[in-house]
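Q: A structural model of the following input is requested.
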Amino acid sequence: MLKFTATECGSKVDHGTLICGASNSNAKDAEWHSFIFMRAHRSLDDDSGPYFELDDQSQGFYNGVRSIVLADRSMTIALAPPKNQLFGHRLIIVELACRDSQIAKFRAGIEHVFRDQLWRIRDA
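A: Numbering: from 1, shown residues only. Predicted coordinates:
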């Protein structure tokens, strides 16, 4: 399990890809962590589904998020990475110490990334 406090979060569309994520890069005296969810902004024939990445591309994969539980200022991500990928975490708990406007954009981004799998997302 990994637990950290995100000091920034949000989402944006860049070159047709929706990217939403959070990190603790403004935190003092904490080990750095970030994660992103990505997906083509519009449905395309070559859409591989939701992509998740923790800290860097070596810890990234498609279609391996089991569930996301969103609360007011926190989230819990349950992962099921591909069997052939070494990945140490199955549960990530993130406290969102971000501005309310950032959290709203972040939540909307997650819902769009999982637009055809909304059953994976629920409120606490």
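
Q: tell me which helix or strand of this protein sits lowest on mean pLDDT?
A: The helix or strand of the chain with the lowest confidence, counting by mean pLDDT, DSSP states H and E, is strand 60-62 at a mean of 91.

Q: partners of that one in the sheet?
A: According to DSSP bridges, strand 60-62 has the following sheet partners: strand 51-54 (antiparallel).

Q: Could you export the strand it pairs with as CSV, CA atoms only?
A: In CSV, the C-alpha atoms belonging to strand 51-54 read as follows (Å, rounded to 0.1, in the frame of the first residue of the first chain):
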residue,chain,number,x,y,z
TYR,A,51,-3.9,4.1,-18.8
PHE,A,52,-2.5,4.4,-15.3
GLU,A,53,1.0,5.4,-14.3
LEU,A,54,2.6,5.7,-10.9
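
Q: quick one: buried residues of the helix or strand just after the least confident helix or strand of the chain?
A: Downstream of strand 60-62, the first helix or strand assigned by DSSP states H and E is strand 65-70. Counting neighbours by 16 or more other CB atoms under 10 Å, one finds that the buried residues in strand 65-70 are 65, 68, 70. Yep, even glycine has a C-beta here, placed from its N, CA and C like the rest.
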